[in-house]
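Novice: this one's structure only:
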């Protein structure tokens, strides 16, 4: 086990970024079309091709999940991913026409210090996301980097640099569950300014430092701090959970809803008005059926745990952006 | 009154198409950000940035509605529209960053005979939709063409060429309501193969021929015919209704839901598993409040009537595509 979402057989992940613009894209591709759904609990979502993920909609399977920076401008990324999938002949077939489904969510990293050239000349200089989506799709592999990479490249939290995180585990029932998160939270992943992560109870090994948690949380650490001053700023943590269990679309929706609880445990506050927090859930269907309520409960709990851990790892592995006012990274403050 | 959605003050519409590919894009822009929501009743929707339209989401207003061909490939179009809006400084402001919201729905016109070059070489030849979105946004005006134009360029129905339609009316309460539809229905807009439109009861003047309706509908005309043979083919009618009444987002959602009834009255079958039928509703807010239930009922009924009429006009005004196997157009069969 790599402790990555790619431990779920059939899932590959690729990253691409634009260092000057301080933004990027992460793509998860599947070796065959997968059943999937979504849960959106943030108040400011930006999405592409996600309506088809609702259980009452016809399309039964998708080919890619795209996480990206750029806020609404970033929604071009799934176009580049779709081009790669089309070229590879992957997607639903209508006659001889290949129609891949690349679903996408975005995060807001437009004010992180990077040079967003397109904001000054958007027609002459297109936003870079179509290209970044293409490049991330071409880069997919079982191994991929965490921290200041891909969709997490430009991400931040209220007090520390954010980033891309991932984690996986095997359930008691023998299923594999994995999570992938691009952390750009409106709130904080740490308990106040301490080295302790909110996700500490779920940590496996020393995957994000192994510091455990404090015996008591001092009231000062509960003082609410979040992005939004001086300008109203959107944020957003976007994520994917995957399992090898066979699930229907409605069961994937349940998995996504339970996985969103992992965000609730790892970030405070979260699901806020200017967060676009969105969690996709995918079933690769390589193992046995996972839809019976006790089995799905175990899968959902594992997905929530994995997602909480992925969030902490995303912050733990991040490296600060090279700007004077950039938020510090966890490693420089507390060691890694 | 032009009998177009642009009769609603503050709404402009632009079209762009690619004749070789037999596809296109229609954009509605608003002179200031507008409250909006959406109702999706088709089983195969393709959408971009529509999650923010739900009443529980934060964003209060949008800047453009984009209707396009290309199925999921077409979802690049809102990127080109956003570039134009960004350049014009139109959208929500975060500090000095302009973030327009261009929401989009697509229809499936990939098998209509046009040369979709990108399907053969999707990385080298990007789909044309980003450019078409840009061009349509740059072309907006109060007057715009109907029929084989914009998002309706490549559209068809089960028996006749589809197209872009529009209609408007003033309610008894003095509000203006307009509709815009790109008709690519899985079903039929006419009663069997007759000259009569299902939307006939709502026709104003001779806007789609003035033929009225038959005294009796012969059983044969009810024989169900729809796209889907020999290959499973997706279809989709996508639409926008607009009013100058002041509405909240939840009230716009109600308006969109009632407007969808116009599709039910104008097309048979509709809202099918391979239809992605989606109706946006926008309030430009130039007139008085429209949210009280009796007022909103009148607006919703007018929106449904306008949308039914817009569908019939889209078919009535269409000109057949220049391919040997192309569906005939209404005008050539029944006169115009």
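Specialist: Received it, and whenever you're ready, just let me know what you need. Note that the coordinates shown come from a computational prediction; the quantities given were computed from them, not determined experimentally.

Novice: all strands for the stretch 201-336 of chain A, in order.
Specialist: For the stretch 201-336 of chain A, the strands defined by DSSP state E, counting those that start in this stretch occupy A:238-243, A:278-283.

Novice: Compute the inter-axis angle for the last one and strand A:238-243.
Specialist: With axes from the mean of the first three to the mean of the last three C-alpha atoms, to 10 degrees defining the directions, strand A:278-283 sits at 20 degrees from strand A:238-243.

Novice: Who does the top strand by length along chain A pair with, and is each partner parallel or antiparallel?
Specialist: Ranked by residue count and defined by DSSP state E, the top strand of chain A is strand A:23-40. Strand A:23-40 pairs in its sheet with strand A:11-18 (antiparallel), strand A:62-68 (antiparallel), strand A:278-283 (antiparallel), by DSSP bridges.

Novice: What are the boundaries of the helices in the stretch 201-336 of chain A?
Specialist: A:249-266, A:293-316, A:330-334 (DSSP state H, counting those that start in this stretch).

Novice: Chain B: which of these is closest?
Specialist: Smallest distance to chain B across those (C-beta to the nearest C-beta): 12.2 Å, for helix A:249-266. Backbone N, C-alpha and C define where each C-beta goes, glycine included.

Novice: residue ranges for the helices of the stretch 1-150 of chain A, please.
Specialist: A:77-87, A:117-120, A:129-138.

Novice: elements contacting the helix or strand following the last one?
Specialist: It refers to helix A:129-138. Next in sequence after helix A:129-138, counting helices and strands by DSSP states H and E, comes strand A:164-170. With contacts defined as 3 or more C-beta pairs under 8 Å, 6 or more residues apart in numbering or on different chains; DSSP states H and E, strand A:164-170 has these neighbours: strand A:176-182, helix A:293-316.

Novice: Of all the helices of the stretch 201-336 of chain A, which one is nearest residue A:277?
Specialist: helix A:249-266 (5.8 Å; C-beta to C-beta).

Novice: picking that back up, got the buried residues for the longest strand of chain A?
Specialist: By 16 or more other C-beta atoms under 10 Å in any protein chain shown, the buried positions in strand A:23-40 come out as A:23-30, A:33-40.

Novice: Check stretch A:81-90 too.
Specialist: In terms of neighbour count (16+ other C-beta under 10 Å), stretch A:81-90 has its buried residues at A:81, A:82, A:83, A:84, A:85, A:86, A:87, A:90.

Novice: Then stretch A:220-228?
Specialist: Neighbour counts over stretch A:220-228 (16+ other C-beta under 10 Å) mark A:221, A:225, A:226, A:227 as buried.

Novice: and of the residues you listed, the nearest to residue A:127?
Specialist: Residue A:127 has its nearest neighbour among the buried residues of stretch A:220-228 in residue A:227, at 22.2 Å by C-beta to C-beta.

Novice: do you know how far the closest one is from residue A:154?
Specialist: From residue A:227 across to residue A:154, the span is 13 Å (C-beta to C-beta, to the nearest Å).

Novice: related to what we said a few turns ago, which of the buried residues of strand A:23-40 are the two that sit furthest away from each other?
Specialist: A:23 and A:35 (30.3 Å).

Novice: buried stuff in the helix or strand of chain A with the lowest mean pLDDT?
Specialist: Here the helix or strand of chain A ranked lowest by mean pLDDT, DSSP states H and E is strand A:92-94, holding a mean of 92. For strand A:92-94, burial by neighbour count (16+ other C-beta under 10 Å) applies to A:92, A:94.

Novice: Which other helices and strands does that strand contact?
Specialist: Secondary-structure packing of strand A:92-94 (3+ C-beta pairs under 8 Å, 6+ apart): strand A:97-99.

Novice: quick one: contacts of the strand it packs on?
Specialist: Contacts with strand A:97-99, where a contact means C-beta atoms under 8 Å, 6 or more residues apart in numbering or on different chains, come from A:85-86, A:89-93, B:71-73, B:110-111, B:116, B:119.

Novice: Need those residues in JSON lines (columns: distance to residue A:290).
Specialist: Below are the contacts of strand A:97-99 laid out as JSON lines (distance: C-beta to C-beta, whole Å):
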{"residue": "A:85", "distance to residue A:290": "26"}
{"residue": "A:86", "distance to residue A:290": "31"}
{"residue": "A:89", "distance to residue A:290": "29"}
{"residue": "A:90", "distance to residue A:290": "24"}
{"residue": "A:91", "distance to residue A:290": "25"}
{"residue": "A:92", "distance to residue A:290": "24"}
{"residue": "A:93", "distance to residue A:290": "27"}
{"residue": "B:71", "distance to residue A:290": "31"}
{"residue": "B:72", "distance to residue A:290": "28"}
{"residue": "B:73", "distance to residue A:290": "33"}
{"residue": "B:110", "distance to residue A:290": "35"}
{"residue": "B:111", "distance to residue A:290": "36"}
{"residue": "B:116", "distance to residue A:290": "38"}
{"residue": "B:119", "distance to residue A:290": "36"}
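
Novice: Once you drop chain neighbours, what's closest to residue A:272?
Specialist: Sequence neighbours aside, residue A:186 is the residue nearest to residue A:272 in space, at 4.7 Å (criterion: C-beta to C-beta, 6 or more residues apart in numbering or on different chains).

Novice: Going by distance to chain B, which of the buried residues of stretch A:220-228 wins?
Specialist: Of all the buried residues of stretch A:220-228, residue A:227 has the smallest distance to chain B: 10.9 Å, by C-beta to the nearest C-beta.

Novice: Wait, the closest one touches residue A:155, no?
Specialist: No - contact criterion C-beta atoms under 8 Å: residue A:227 and residue A:155 do not qualify, at 11.3 Å.

Novice: where does chain A dip in pLDDT?
Specialist: A:230-232 (pLDDT under 70).

Novice: Let's see that with 90 instead.
Specialist: A:60, A:95-96, A:227-234, A:325, A:336 (pLDDT under 90).
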